[in-house]
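Colleague: Dropping a prediction and its sequence here:
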Amino acid sequence: MRFEIELDAEEPLSLPPEVVACIRGGTWILTLEPKPEYAGEQFRDHSAFLAGYAPEDDGLYDDV
């Protein structure tokens, strides 16, 4: 789950109700990071590409 939150300089952080509603018992890790600012471009996350190989393909595209 990923949410974008924009705060004014003096505004305190409060989590969106959708986030609070999803948090129940258990152990959670919440990560906060500033949103990268690119001139008119949306931030792109390439982590799916890095995790997209099947185990048998591990190392197939490594430079040797």
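Modeller: Received, thanks. Bear in mind the structure is a predicted one, so any value in this text is a computation, not a measurement.
Colleague: can you pull out the helices in this structure?
Modeller: 17-22, 47-50 (DSSP state H).
Colleague: residue contacts, residue 13?
Modeller: 5, 7 (C-beta atoms under 8 Å, 6 or more residues apart in numbering). Using the backbone N, CA and C atoms, a C-beta is placed for each residue, glycine as well.
Colleague: Tell me the spacing between it and residue 22.
Modeller: Per C-beta to C-beta, to the nearest Å, residue 13 is found 17 Å from residue 22.
Colleague: How about residue 37?
Modeller: Note on residue 37: its distance to residue 22, by C-beta to C-beta, is 28 Å.
Colleague: Neighbour count: the two, which is higher?
Modeller: Comparing residue 37 with residue 22 by other C-beta atoms under 10 Å, the one with more neighbours is residue 22, at 11 against 7.
Colleague: How many residues are close by the closest residue to that one other than its chain neighbours?
Modeller: Distances taken as C-beta to C-beta, 6 or more residues apart in numbering put residue 1 closest to residue 22, at 6.6 Å, once the chain neighbours are dropped. Using other C-beta under 10 Å, residue 1 has 5 other residues around it.
Colleague: again, but for residue 19
Modeller: 13.
Colleague: how about low-confidence regions in this structure?
Modeller: 38-53, 64 (pLDDT under 70).
Colleague: 90 instead?
Modeller: 1-9, 13-64 (pLDDT under 90).
Colleague: At which residues are the strands of it located?
Modeller: Applying DSSP state E to the chain gives no strands.
Colleague: Can you tell me the centre-most residue of it?
Modeller: residue 2 (5.8 Å; C-alpha atoms, centre = their mean).
Colleague: rewinding a little: and the residue nearest to residue 22, how far is that from residue 63?
Modeller: Residue 1 is 36 Å from residue 63, by C-beta to C-beta.
Colleague: ok, now residue 5?
Modeller: Applying C-beta to C-beta, the value for residue 5 to residue 63 is 40 Å.
Colleague: more crowded one of those two?
Modeller: Neighbour count, other C-beta under 10 Å: between residue 5 and residue 63, residue 5 has more, with 12 against 3.
Colleague: Cool, thanks, signing off.
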